[in-house]
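*Asks:* Here is my input, please return the structure:
(2 chains)
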Amino acid sequence: MSGDNEETQTTENTPADEKAQDKVISPEKSEEAKLKARYPNLGNKPGGSDLLRKRLQKGQKYFDSGDYNMAKAKIKNKQLPTAAPEKTEITGDHIPTPQDLPQRKPSLVASKLAG
Amino acid sequence: MAGPGGDMQWCFSQVKGAIDDDVAEADIISTVEFNHTGELLATGDKGGRVVIFQQEIENKNLPQFRSEYNVYSTFQSHEPEFDYLKSLEIEEKINKIRWLPQKNAAQFLLSTNDKTIKLWKISERDKRPEGYNLKEEDGRYKDPNTITSLRVPVLIPMDLMVEASPRRVFANAHTYHINSISVNSDDETYLSADDLRINLWHLEITDRSFNIVDIKPANMEELTEVITAAEFHPHQCNTFVYSSSKGTLRLCDMRASALCDKHSKLFEEPEDPSNRSFFSEIISSISDVKFSHNGRYMMTRDYLSVKIWDLNMENRPVETYQVHEYLRSKLCSLYENDCIFDKFECCWNGNDSVVMTGSYNNFFRMFDRGQRRDVTLEASRENSKPMQVLKPRKVCAGGKRKKDEISVDSLDFNKKILHTAWHPQDNIIAVATTNNLYIFQDKVN
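*Replies:* This next block holds a predicted model:
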């Protein structure tokens, strides 16, 4: 069912042989050894729940909504370089009005798939 | 499959998207889905946009017809939001699109990001009214004193306009990130699944949903697995399946109880404890589960393989296909660059005889269950001349590399094909690379 050159070799071993030949037989185990060598503290805590918890809280945490809005504005400035000169006039000189503040919503650019 | 004596010869048909290498994050395709007839093909991207293509068939009566998918509609489905309570961004990325079966002239689809599901109506308008009594043609209101007679406005033809409007917004029901939505065969309900819970909705009701699966432990320290995908059975409206990060599948029957925490069937392949490694659980995590069209089988995708399960056999899969076994000896670096967490999807062809899934280097794999053959093909701009037949690719795991083979170390792990879709009836497939959508067609079709 699978391509010939992609199957791993599996062999029968007596328990005595297994430990000595582990690294040869199981590529997975040798990869694990490599990883443990680079990160000796890995897996000391229950690795499963660390990974899971990281997964549950995916996404960058911001200090507050102001922090988030400024980060978004920075990205928007990068993507629309023509708008930048306008924005540099605002900072620091006067109290901004709502019109001066960068919008949180991204500009509605059409998808390139539809182009 | 492709090649001499093979049944299918895949040819390039179309490619959508920008050619430039500098990919904006918003353009990353995050989901691809054909509708139930295959006439429409929807894509969602990281920027929260949906693009729908419509099939236009030339020379339908000839045995070798070429079909083309052209843009039908595009709209902004989701926008980024900020979760004030958790100080986290809610991405606008479209995680899944699912079409509703067509009941009238309009088309409906569900699209979801991490937190909110929306029902979109896509309708055509090809006539417009003309001859209002109170308005001029440009919309300005007439002075009522100038009106001396009444007329009936008439509908005149106009250029086709396709409008998308949000009909329902199903919000605030998920604490965790939605990974799946699935429309029920009853045409009335659908489920949405996040990491720990599955909710059942009625398509007409947005202010409430029923929780049908809850695997959140009382103490989060005890969390050992999360829900990775869920789907309703194609014909049995009481049955659904959900997969977990531990590689298990749970089939649930909603007739058994209101809360389906107790599964009706648990599908799990026993693991050889001597082979267990740090990576075992990570690579056994199921990234996608799909029922076959006939409802007798389920297919799961984990990091290295595709497995076919018979609904009547819980203790092991009936078929296992290696997608890219050569990666087993690269798991250390794949863990370091996070590729080991990539979520590949899989799909069935119309008659459940062939399954397809993506891989790296813009390769994708097809497994012919009956013929017991498999092939590796590539979606690339180099092979995109009209009707150009795709040449099978081969990866050299080690040792001497033959001509035309590519070595494992040369694979580009940034070019991943996570999303693929197969036309429900014909041999037409849609394959999404990072920011391009390729459409391939079987030469004979």
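*Asks:* can you count the residues close to residue 77?
*Replies:* By default, I'm working from chain A. 15 (other Cβ atoms under 10 Å in any protein chain shown). Bear in mind the C-beta positions are built from the backbone N, C-alpha and C, glycine included.
*Asks:* that answer is for a different chain, and I need it for chain B
*Replies:* By other Cβ under 10 Å, 24 other residues sit near B:Ser77.
*Asks:* wouldn't it be in contact with B:Gly44 here?
*Replies:* Yes. Between B:Ser77 and B:Gly44 there is a contact at 6.9 Å, judged by Cβ atoms under 8 Å.
*Asks:* Please enumerate the shared neighbours of those two.
*Replies:* B:Val50, B:Ile94, B:Ser111 (Cβ atoms under 8 Å, 6 or more residues apart in numbering or on different chains).
*Asks:* Excluding covalently adjacent residues, which one is nearest to the first one?
*Replies:* Taking Cβ to Cβ, 6 or more residues apart in numbering or on different chains as the measure, B:Val50 lies nearest to B:Ser77, with 4.7 Å between them; neighbours along the chain are not counted.
*Asks:* With B:Gly48 instead?
*Replies:* Per Cβ to Cβ, 6+ apart, closest to B:Gly48 is B:Glu92, 3.1 Å.
*Asks:* which SS state does that neighbour fall under?
*Replies:* Under DSSP: H, G, I helix; E, B strand; the rest coil, B:Glu92 falls in the coil class.
*Asks:* That one: neighbouring residues, count only.
*Replies:* The tally of other residues near B:Glu92 (other Cβ under 10 Å) stands at 23.
*Asks:* give the contact list for it.
*Replies:* Counting by Cβ under 8 Å, 6+ apart, B:Glu92 touches B:Lys46, B:Gly47, B:Gly48, B:Ser77, B:His78, B:Glu79, B:Pro80, B:Glu81, B:Asn113.
*Asks:* Distance of the last one relative to B:Gly44?
*Replies:* I take that to be B:Asn113. In this view, B:Asn113 and B:Gly44 are 9 Å apart by Cβ to Cβ, to the nearest Å.
*Asks:* Which one of these two is surrounded by more residues?
*Replies:* Shown here are B:Asn113 and B:Gly44; by other Cβ under 10 Å, B:Gly44 has more neighbours (29 against 25).
*Asks:* Look at that one and tell me its secondary structure.
*Replies:* The local conformation at B:Gly44, judged by three-state DSSP, is strand.
*Asks:* wouldn't it be in contact with B:Ile94 here?
*Replies:* Yes. B:Gly44 is within contact range of B:Ile94, at 2.8 Å (criterion: Cβ under 8 Å).
*Asks:* Mutual contacts of the two, please.
*Replies:* Contacts common to B:Gly44 and B:Ile94, judged by Cβ under 8 Å, 6+ apart, are B:Ser30, B:Thr31, B:Val50, B:Ser77, B:Ser111.
*Asks:* Packing partners of the helix or strand encompassing A:Asn69?
*Replies:* Using DSSP states H and E, A:Asn69 sits within helix A:65-79. The helices and strands touching helix A:65-79, judged by 3 or more Cβ pairs under 8 Å, 6 or more residues apart in numbering or on different chains; DSSP states H and E, are helix A:84-88, strand B:81-83.
*Asks:* Pick out the shakiest of the ones you listed, pLDDT-wise.
*Replies:* Lowest mean pLDDT within the helices and strands packed on helix A:65-79: helix A:84-88, at a mean of 45.
*Asks:* any low-confidence regions in the stretch 51-200 of chain B?
*Replies:* Where the stretch 51-200 of chain B drops to pLDDT under 70, the residues are B:59-65.
*Asks:* Tell me the residues of it that contact chain A?
*Replies:* For the stretch 51-200 of chain B, the residues found near chain A under the criterion Cβ under 8 Å from any Cβ of the partner chain are B:51, B:71, B:74, B:76, B:79-80, B:82, B:84, B:86-91, B:176-177, B:195-196.
*Asks:* Drop anything exposed from those residues.
*Replies:* With neighbours counted using 16 or more other Cβ atoms under 10 Å in any protein chain shown, those contain these buried positions: B:51, B:71, B:74, B:76, B:80, B:82, B:87-91, B:176-177, B:195-196.
*Asks:* now, among those residues, which is nearest to A:Lys58?
*Replies:* The closest of these to A:Lys58 turns out to be B:His177 (Cβ to Cβ; 6.5 Å).
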